[in-house]
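Novice: what follows is a predicted structure for the sequence shown.
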Amino acid sequence: MKTRSVLEGVSPYNPPRLREEISVDYGSERFVKLTMNELSFGPLPEAKAAIVETLSRAGRYPDRDATPLREAIARANPGLSAGNVVVGNGSSETLVDLMQVLDRPGEVVIPWPSFPFYVSAARVVGLDARKVPLDRRHRVDLDAMLATVTGDTRAVIACNPNNPSGTYLPLAEVRRFAEALPEGVLLILDEAYYDFVDDPLYPGSHELVLASENVASTRTFSKVHGLAGFRVGYGLVPRRLADLVWSTHVPFSVNQAGQAAATASLGQTGAIAERSRLIKRERERVQEAFGAAGLEYVPSHTNFVMVGAKPELFEKTGVLVREGEALGYPVGWSRVTIGGPEENDRLLAALP
């Protein structure tokens, strides 16, 4: 059998999973899992009710176009229509869908350290990935990214806020960058942690989508909405690009329960805002404790914090965190998900 040579050496996206993590997923309370930037609260009650309601239709295929969900997303982003919204099995699928329509051969410019999935996704669709280091403040370095763009560049991905550093770029900087890119280069803004930024100068990427044919943003219901297990993500994209994405998208990839839960959750703006405020308060508490303990950390605007401490420090109180070297940081760093108050109490109990 003849296979694509470009796939040789491509590793699947497979974050390390300890036996202890698996035990938490199956109900063990011995450990606290703060490794995957999940929201331990799970779905809102309204989302749970919507999931149950879909069970009577489980024998039927879901809405291929996810129309109610796309309409709800468009309403939450003034000026956009459902035609500007594409959905996927998590925002990871949407990222692949966007790269899939780009001309090949070519390359994608990405920040580093950032979401490791970008590299494998680019390779799978036949594109190379060029890494550009973060700046000294652990932020995506837009000037360096722009200087890296060549005639072979098909897209630039800016993770904003960036995973794993937790830093963000205000809208004005992103707008200037988008305007400076060559016309044929797509700017993809990965905004998985959009809901955790507490700065009025940050939001508004949908305005860039409206103003340009070469800007798209991706978001997810896996974080503040607590729906990671149902895999629902989406993209805000120019209409022409949306039509291309739908032409190659795997049909029915977002299941009925996920569509219903995401639509219901999106309607609960007050409850979602309160969740976000809780995570922000807990994030500040954790960061203050890190500082008081003399630990170096990167000030975060997400639901995780990058800290200069080995995972073993936290394991002594039964808290599992992600080792930094797997994410592009030096040995001795860890990425710590911000959990609920009780989970964070166990985390902080490990500090010297």
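Specialist: Noted; the coordinates are in hand. Numbers count the residues shown, from 1 in each chain.

Novice: give me the contacts around stretch 121-138.
Specialist: 4, 6-7, 10, 13, 92, 95-96, 99-100, 102, 104-114, 118-119, 140-141, 144-145, 148, 153-155, 162, 165-167, 298, 306 (Cβ atoms under 8 Å, 6 or more residues apart in numbering). (Glycine included, C-beta is placed from N, CA and C.)

Novice: just the ones of the residues you listed in helices?
Specialist: Cross-referencing these against helices under DSSP state H gives S92, L95, V96, M99, Q100, Y118, V119, A144, M145, T148.

Novice: show me the two of those residues that sit farthest apart.
Specialist: Spanning the widest gap among those are Q100 and A144, at 26.6 Å by Cβ to Cβ.

Novice: compare the two and say which is more crowded by neighbours.
Specialist: Q100 (18 against 14; other Cβ atoms under 10 Å).

Novice: end to end on stretch 156-172, go ahead and measure it.
Specialist: 17 Å (Cα to Cα, to the nearest Å).

Novice: could I get the buried residue list for it?
Specialist: For stretch 156-172, the neighbour count (16 or more other Cβ atoms under 10 Å) marks 156-169, 171 as buried.

Novice: thought R239 was touching L80?
Specialist: No: judged on Cβ atoms under 8 Å, R239 makes no contact with L80 at a distance of 9.6 Å.

Novice: list the residues that contact G83.
Specialist: Contacts of G83 by Cβ under 8 Å, 6+ apart are R239, A242.

Novice: so how far is P238 from it?
Specialist: Look at G83 and P238: by Cβ to Cβ, to the nearest Å, they are 10 Å apart.

Novice: same check on R277?
Specialist: R277 is 33 Å from P238, by Cβ to Cβ.

Novice: who has more neighbours out of the two?
Specialist: Between R277 and P238, P238 has the larger neighbour count (other Cβ under 10 Å), namely 20 against 12.

Novice: do you know how far that one is from E213?
Specialist: 5 Å.

Novice: and the longest helix for the protein?
Specialist: Secondary structure assigned by DSSP H gives helix 269-292 as the longest helix of the chain.

Novice: helices or strands up against that helix?
Specialist: Using 3 or more Cβ pairs under 8 Å, 6 or more residues apart in numbering; DSSP states H and E as the contact test, the elements touching helix 269-292 are strand 297-298, strand 304-307, helix 341-348.

Novice: thinking again about what came up before, quick one: which of the ones in helices among the contacts of stretch 121-138 is nearest to L187?
Specialist: M145 (9.7 Å).

Novice: check contacts around that closest one.
Specialist: By Cβ under 8 Å, 6+ apart, the contact set of M145 is V109, P111, V132, V156, A158, F177.

Novice: mind putting those residues in TSV, distance to L187 and pLDDT included?
Specialist: Formatted as TSV, the contacts of M145 follow (distance: Cβ to Cβ, whole Å; pLDDT from 0 to 100):
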residue	distance to L187	pLDDT
V109	10	99
P111	13	99
V132	14	99
V156	5	99
A158	7	98
F177	7	98
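
Novice: between these, which is nearest L227?
Specialist: Using Cβ to Cβ, the contacts of M145 come closest to L227 at A158, 24.3 Å.

Novice: secondary structure class for that closest one?
Specialist: Three-state assignment for A158 (DSSP: H, G, I helix; E, B strand; the rest coil): strand.

Novice: how close does it sit to E315?
Specialist: For A158, the distance to E315 - Cβ to Cβ - is 33 Å.

Novice: returning to what we had before: same question for the longest helix of the chain, mean pLDDT?
Specialist: For helix 269-292, the mean pLDDT works out to 98.

Novice: what angle separates it from helix 341-348?
Specialist: Taking axes from the mean of the first three to the mean of the last three Cα atoms, to 10 degrees, one finds that helix 269-292 is oriented at 20 degrees with respect to helix 341-348.

Novice: helix 269-292: how far from the chain's middle?
Specialist: With Cα atoms, centre = their mean, to the nearest Å as the basis, helix 269-292 stands 18 Å off its chain's centre.

Novice: hmm, who's touching that helix?
Specialist: Taking Cβ under 8 Å, 6+ apart as the rule, helix 269-292 contacts 39, 41, 44, 46, 195-196, 198, 224-226, 265-266, 297, 299-300, 302-303, 305, 307, 309, 336, 338-341, 344, 347-348, 351.

Novice: how close does the nearest residue to T302 once chain neighbours are set aside sit to V96?
Specialist: Take T302 and drop its neighbours on the chain: the residue closest to it by Cβ to Cβ, 6 or more residues apart in numbering is Y193, 4.0 Å away. Computed with Cβ to Cβ, the distance linking Y193 and V96 is 19 Å.

Novice: the two: which is more packed in?
Specialist: Higher neighbour count among Y193 and V96: Y193, with 24 against 21, using other Cβ under 10 Å.
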